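In: quick one, what's the 3D model for this:
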Amino acid sequence: MGHSIKAIAEALDAEAFGNLDFEISAIAEPGTAGPEDLAMAMSPKYADALSKGAARAALLGPGMDWKDYDLEAAVIAPRPRFAMAGLTHVLDPGPDIAAGIHASAVIDPSAQIGDGAAIAPFVVIGRGVKIGSNARIASHVSIAEEATIGDDALILQGARIGSRVTMGDRVTIHSGASVGGDGFSFVTPDKSTVEQVRETMGQVEAAKQSWTRIHSLGSVQVGNDVEIGCNACIDKGTIRDTQIGNGTKIDNLVHLAHNVVTGEDCLFAALVGVAGSTTIGDRVVFGGQVGVVDNVRVGSDVVATGGTKILSNVPDGRAMMGYPAVKLETHVETYKAQRRLPRLFKTVAALQETVSKIGEKD
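Out: I've put the predicted structure just below:
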């Protein structure tokens with residue numbers, strides 16, 4: 001089904017130019033766009049590739065003249081990347097999950113299934129589970145006892161939801177994610193080598209003792225509009241629940257340990273790891289492979305670049321970089337200084353040679 005340039009512009013609160021009745025059926029990159037595609041030429045840098053494709057319509061950015069690109073029609077948005085979010089939402093058909101409950105699903109008689117819910121083949125739903133209205137659950141998902149899933153949730157293939165987990169409305173859980181596994185919490189009868197290192201920052205005294213699990217009696221609370229990526233893992237709390245704030249988006253292979261609390265609208269890229277009992281404020285952004293030690297607080301509006309390792313508390317609104325994490329500007333200055341070290345070594349060596357010759361003359 002096609003979408004007219006006029007309808008697209010109205011939906012995106014953008015401006016339309018040229019043949020407003022021109023219909024597109026898909027979006028594409030400028031260099032590969034076909035005659036029925038809307039080319040994503042959102043800046044002059046990308047628009048230069050339009051000549052390589054066959055696009056007759058494009059999404060352009062502010063200040064761009066659509067007539068410069070030999071187009072029949074165009075949509076010009078004040079923030080093209082945000083407009084792209086709306087376009088992809090409209091054009092994404094979503095997963096194919098048939099309405100109703102598939103005959104192969106195994107559902108405990110005590111579970112409550114909301115109106116309009118769709119449950120695919122081989123789903124297992126445990127005792128006392130509550131599934132909200134219009135929730136969609138893809139094949140091979142398991143939901144353990146007493147979990148609660150909100151309205152309009154989407155849980156994709158092979159996800160695992162642990163016991164007593166609560167999820168708000170409109171959550172999306174991607175394939176292979178695990179929400180509500182036991183926390184990684186172990187203790188030794190006597191002081192462990194880890195405890196010794198924290199106290200002495202030095203050599204440890206070995207002691208032959210094994211680890212004993214501290215069981216996870218808490219669970220996980222997931223807010224509204226949260227998205228959790230493929231193979232991400234969020235552990236139960238030890239006594240209180242691990243908590244994920246409303247609107248937080250979690251990428252693939254992220255791990256949030258027991259008792260972690262995140263604020264609202266956080267964004268965690270792939271391979272982020274947050275250790276136990278850490279508290280994270282609102283609107284925090286972590287690049288890929290950011291690591292955070294246990295029992296620290298990261299304030300609201302913090303941004304940590306990829307690979308940053310946070311080893312202590314971070315105040316609100318700070319940009320962090322490096323290992324150990326420091327202010328972004330401090331890290332940049334340190335890096336510049338490091339690059340100057342070879343030249344400095346040569347200068348020092350020359351000075352030493354000069355001083356040595358002066359000493360020989362004396």
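
In: neighbours around residue 352, how many?
Out: The tally of other residues near residue 352 (other Cβ atoms under 10 Å) stands at 10. Where C-beta positions appear, they are placed from N, C-alpha and C, glycine not excepted.

In: go on, residue 70?
Out: 10.

In: who touches it in this structure?
Out: 50-51 (Cβ atoms under 8 Å, 6 or more residues apart in numbering).

In: ok so residue 195 is a strand residue?
Out: No - under the criterion used here (DSSP: H, G, I helix; E, B strand; the rest coil), residue 195 is helix, not part of a strand.

In: what's the neighbour count on it?
Out: If you count neighbours by other Cβ under 10 Å, residue 195 ends up with 13.

In: report pLDDT for it.
Out: Note on residue 195: pLDDT of 89.

In: same deal with residue 362?
Out: Predicted confidence (pLDDT) for residue 362: 64.

In: could you do residue 237 as well?
Out: 98.

In: roughly how far does it sit from residue 24?
Out: Counting by Cβ to Cβ, to the nearest Å, the gap from residue 237 to residue 24 is 48 Å.

In: with neighbour numbers in mind, choose between those two.
Out: A direct count of neighbours by other Cβ under 10 Å for residue 237 and residue 24 places residue 24 higher, at 27 against 24.

In: list phi and psi for the more buried one.
Out: phi -120, psi 150 (degrees, to the nearest 10).

In: need the mean per-residue confidence for stretch 243-255.
Out: The average of the pLDDT scores along stretch 243-255 is 98.

In: what packs against the longest helix along the chain?
Out: The helix spanning the most residues in the chain, taking DSSP state H as the definition, is helix 328-361. In terms of contacts (3 or more Cβ pairs under 8 Å, 6 or more residues apart in numbering; DSSP states H and E), helix 328-361 is packed against strand 319-321.

In: quick one: strands adjacent to the strand it packs on?
Out: strand 303-304 (parallel), strand 326-327 (antiparallel) (DSSP bridges).

In: now find how far off-centre that strand is within its chain.
Out: Counting by Cα atoms, centre = their mean, to the nearest Å, strand 319-321 is centred 18 Å from the centre of its parent chain.

In: what lies in contact with that strand?
Out: 302-305, 308, 310, 314, 326-329, 331-332.

In: quick one: the helices in the stretch 101-250 of the chain?
Out: Using DSSP state H, counting those that start in this stretch, the helices of the stretch 101-250 of the chain run over 193-200.

In: what's the closest of the strands paired with strand 319-321 to residue 213?
Out: Relative to residue 213, the nearest member of those by Cβ to Cβ is strand 303-304, separated by 31.1 Å.

In: now the element after that closest one, going C-ward?
Out: Heading C-terminal from strand 303-304, the first helix or strand you meet, by DSSP states H and E, is strand 309-310.

In: for the record, mean pLDDT for that following strand?
Out: Mean predicted lDDT for strand 309-310 stands at 98.

In: for that strand, which strands pair with it and how are they oriented?
Out: By DSSP bridges, strand 309-310 pairs with strand 291-292 (parallel).

In: what sits up against the partner strand?
Out: Under Cβ under 8 Å, 6+ apart, the answer for strand 291-292 is 272-275, 278, 280, 286, 298, 308-310.

In: cool, stretch 40-59 as well?
Out: With Cβ under 8 Å, 6+ apart as the criterion, stretch 40-59 contacts 5, 18, 22, 24, 27-35, 37-39, 60-61, 64, 66, 69-77, 80-81, 83-84, 87.

In: correct me if wrong: residue 115 contacts residue 134.
Out: Yes - applying Cβ atoms under 8 Å as the test, residue 115 and residue 134 come out as touching, 7.4 Å apart.

In: and these two? Which one has more around it.
Out: A direct count of neighbours by other Cβ under 10 Å for residue 115 and residue 134 places residue 134 higher, at 16 against 9.

In: count the neighbours of the spatially closest residue to the more buried one that is not a sequence neighbour for me.
Out: Distance criterion Cβ to Cβ, 6 or more residues apart in numbering; nearest residue to residue 134, sequence neighbours excluded, is residue 116 at 4.2 Å. Applying other Cβ under 10 Å, we find 14 residues neighbouring residue 116.

In: which of the residues in stretch 309-322 are classified as buried?
Out: Within stretch 309-322, the residues scored as buried using 16 or more other Cβ atoms under 10 Å are 309-310, 314, 318-322.

In: again with stretch 206-225
Out: Within stretch 206-225, the residues that count as buried by 16+ other Cβ under 10 Å are 216, 218-225.

In: can you give me the end-to-end distance of that stretch?
Out: 48 Å (Cα to Cα, to the nearest Å).

In: kindly report the same for stretch 104-114.
Out: Stretch 104-114: ends 19 Å apart by Cα to Cα.

In: what mean pLDDT would you report for it?
Out: Rounded mean pLDDT across stretch 104-114 is 98.

In: then stretch 31-47?
Out: Stretch 31-47 carries an average pLDDT of 95.

In: tell me the buried residues in it?
Out: So for stretch 31-47, counting by 16+ other Cβ under 10 Å, buried means 33, 36-42, 46-47.

In: now it - C-alpha only, CSV.
Out: Taking Å, rounded to 0.1, in the frame of the first residue of the first chain, the C-alpha atoms of stretch 31-47 are listed here in CSV:
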residue,chain,number,x,y,z
GLY,A,31,22.2,5.8,-3.9
THR,A,32,20.0,2.7,-4.1
ALA,A,33,16.5,4.2,-4.0
GLY,A,34,14.1,3.0,-6.7
PRO,A,35,11.3,5.1,-8.5
GLU,A,36,8.7,4.2,-5.8
ASP,A,37,11.0,4.7,-2.8
LEU,A,38,11.3,7.8,-0.6
ALA,A,39,15.1,8.5,-0.5
MET,A,40,16.5,9.4,2.9
ALA,A,41,18.6,12.4,1.6
MET,A,42,18.5,14.1,5.0
SER,A,43,21.5,16.4,4.4
PRO,A,44,23.5,17.7,1.4
LYS,A,45,26.2,15.0,2.2
TYR,A,46,23.7,12.2,1.6
ALA,A,47,21.7,14.0,-1.2
